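# One predicted model, sequence on top.
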Amino acid sequence: MIYLLSDEGRDALRKMVNRSVLYAFDFDGTLAKISSERESVKLSPTMHEWLRELARRVPCAVVSGRALDDLALRVNGAVPHLIGNHGAESPLMPAAALNDMDLICSGWMKQLEEHKARFFADTRVVIENKRYSLTLHYRGVDDPGAVERQLAHVAKRLTPSPQVMPGKASVNLLPPGSPGKGKASFALMTHLHCTGLFFIGDDETDETVFAMQEGLMLGVRVGHQAHSRARYYVKHQSEVEDVLRFLVHRLDGTPETTRTSR
């Protein structure tokens, strides 16, 4: 992987800004710091400012696992395009398909609730129903590995079988046919008549974007991960603001200063 704020990485950014590109970002762990209190997660004032400035110059989107209504409150108008529920809640998703996903997730909730005591030995596992996907959170449990294996077993018992996507101390269950972040991002890129995609994300749910065979111009992972399909990385979440600042200055033709890496 190539460090995005190295000379080589910045050269790639300079070449990219001359193209018609959709700039897309994951939310938790990318634009905003990860927190064990999901309801407290928000953009810092400076991150919001630089994201808004970038969106004034080029097409920008936030693509998140959060439900769309939840995401919209946290982005607070910084960008015009939002995709929630790991790609399901997109402006391009047909209403009939969303309705099918809603029914499937409702069915899964009934199955999980009926057998909750048997399925979840650790009562700290929390089921988050986002209507078009479910997330099983297990942050803070005593034996994360054992709980993760247990949740994988639970997922196999659900009907219809979900798409299972691991997250940070969580397991995401997506209905069959849910596009994932990769397909949803590509569809929005095409809809906006862009010829390339820039994407920054921080966990396994973002690998569907990094694995894209066409359209992805620059894929950036937050944190160096040898197994990631992203070609570039930043060292930590706070450097995403540096990237935004660099892009805005480059687009404006002003000095491309970034803060010293922390």
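Structure's in. What do you need?

# shaky segments in the stretch 101-250 of the chain?
117-123 (pLDDT under 70).

# Would you map the strands across it?
126-129, 134-137, 163-167, 170-174, 196-201, 216-222, 232-234 (DSSP state E, counting those that start in this stretch).

# so can I have CSV of the ones you listed showing distance to residue 110 and mean neighbour count?
Backbone N, C-alpha and C define where each C-beta goes, glycine included. Shown next, in CSV, are the strands of the stretch 101-250 of the chain (distance: least, Cβ to Cβ, whole Å; neighbours: other Cβ atoms under 10 Å):
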stretch, distance to residue 110, mean neighbour count
strand 126-129, 11, 15
strand 134-137, 12, 22
strand 163-167, 19, 18
strand 170-174, 14, 24
strand 196-201, 32, 25
strand 216-222, 36, 23
strand 232-234, 41, 23
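
# Name the nearest residue to residue 214, ignoring sequence neighbours.
Closest residue to residue 214 apart from its sequence neighbours, by Cβ to Cβ, 6 or more residues apart in numbering: residue 186 at 7.8 Å.

# tell me the contacts of the one you found?
197, 212, 214-215 (Cβ atoms under 8 Å, 6 or more residues apart in numbering).

# Rebuild the strands of the stretch 101-250 of the chain as a markdown table, extending it with distance to residue 55.
A markdown table is the format used below for these (distance: least, Cβ to Cβ, whole Å):
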| stretch | distance to residue 55 |
| --- | --- |
| strand 126-129 | 28 |
| strand 134-137 | 27 |
| strand 163-167 | 26 |
| strand 170-174 | 27 |
| strand 196-201 | 13 |
| strand 216-222 | 17 |
| strand 232-234 | 20 |
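
# which among the contacts of residue 186 gets closest to residue 169?
The closest of the contacts of residue 186 to residue 169 turns out to be residue 212 (Cβ to Cβ; 26.2 Å).

# Around the residue lying closest to that closest one once chain neighbours are set aside, count how many other residues there are.
Spatial nearest neighbour of residue 212, chain neighbours left out: residue 182 (5.2 Å); criterion: Cβ to Cβ, 6+ apart. If you count neighbours by other Cβ atoms under 10 Å, residue 182 ends up with 24.

# of all the strands of the stretch 101-250 of the chain, which lies closest to residue 27?
Across these, closest to residue 27 is strand 196-201 (Cβ to Cβ), at 9.3 Å.

# The closest one pairs with which strands?
Strand pairing for strand 196-201, determined by DSSP bridges: strand 21-25 (parallel), strand 216-222 (parallel).

# Can I get these in TSV including distance to residue 107?
Output for the strands paired with strand 196-201, formatted as TSV (distance: least, Cβ to Cβ, whole Å):
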stretch	distance to residue 107
strand 21-25	31
strand 216-222	34
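
# Relative to residue 34, which of the ones you listed is closest?
So among the strands paired with strand 196-201, strand 216-222 is nearest, using Cβ to Cβ, at 9.7 Å.

# Touching the closest one from outside, list them.
1, 4, 12-13, 16, 19, 21, 29-30, 196-202, 206, 209-210, 212, 228-234, 236-237, 239-240, 243.

# Let me see the domain layout of the chain.
2-92+179-252, 95-174 (automatic domain parsing).

# Kindly compare burial across the ones you listed and name the winner.
Among the domains of the chain, ranked by average contacts under mean count of other Cβ atoms under 10 Å, first place goes to domain 2-92+179-252 (a mean of 19).
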